[in-house]
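# compute the structure for the input listed below.
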Amino acid sequence: MFTSPKEAIAYALRTSKALLHRYLDDLKPQEFEHQPCPGGNTAAWIVGHLVRTDRRSLGWLGVIGLPAVPDGFEERFTPTRSAAAEQKGFGDPKELVALFDAHRDRLIEAVLAADESMFHELPSIQSPLFTDRGEALLFMALHTSMHLGQVSTIRRSLGYPPVS
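Presented below is the predicted three-dimensional model:
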């Protein structure tokens, strides 16, 4: 059992990272650019978007010296709230997943090192899904898992079996 909120948040972040690998590690590089339906996101875009959101959470925690990302990265992976256009040219999927891992690992470290009093502060982004920074950080694991539902659709449309 967890002895603190930060241990529970770190567990959720680690578990969603492990799930991401279960859903992605057997995909071929070209399959990261497969759109399961018109307007659907690709696995490559999803991973880049998750890197972007982890970077924002690291910023909330005051972490500096983040792993380098290519120029224009933030803009390429910003949600548009509209159907996705063709999503190609995101680079080597292994590098994109490694970038996710580097950010997620830093986020887990930052959560474990944080003063828990900051978890009660208002988050910089307002959402009906969380009311404070602690809930916002826990939501990051849920956010990852939600996007893995999209990856599940990608996998199935490519003929892969469900992840067990």
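
# so which bits of the worst-scoring helix or strand of the chain on mean pLDDT are buried?
Lowest on mean pLDDT, DSSP states H and E among the helices and strands of the chain sits helix 73-76, with a mean of 92. Going by neighbour count (16 or more other C-beta atoms under 10 Å), the buried part of helix 73-76 is 73, 76. C-betas here are computed from N, CA, C, even on glycine.

# which strands and helices lie in contact with it?
helix 43-60 (3 or more C-beta pairs under 8 Å, 6 or more residues apart in numbering; DSSP states H and E).

# and the helix it packs on, how far out from the chain middle?
Offset of helix 43-60 from its chain centre (C-alpha atoms, centre = their mean, to the nearest Å): 5 Å.

# now do stretch 156-164
Its chain's C-alpha centre and that of stretch 156-164 lie 20 Å apart, by C-alpha atoms, centre = their mean.

# quick one, helices of this protein?
Using DSSP state H, the helices of the chain run over 5-24, 43-60, 73-76, 93-113, 133-157.

# could I get the average pLDDT for the fourth one?
For helix 93-113, the mean pLDDT works out to 98.

# what's the answer for the first one, then?
Taken as a whole, helix 5-24 carries a mean pLDDT of 98.

# now the second one
Across helix 43-60, the average pLDDT comes to 96.

# and the angle from that helix to helix 5-24?
170 degrees (axes from the mean of the first three to the mean of the last three C-alpha atoms, to 10 degrees).

# which parts of helix 43-60 are buried?
Buried positions in helix 43-60, judged by neighbour count with 16+ other C-beta under 10 Å: 43-55, 57-58, 60.

# that'll do, ta.
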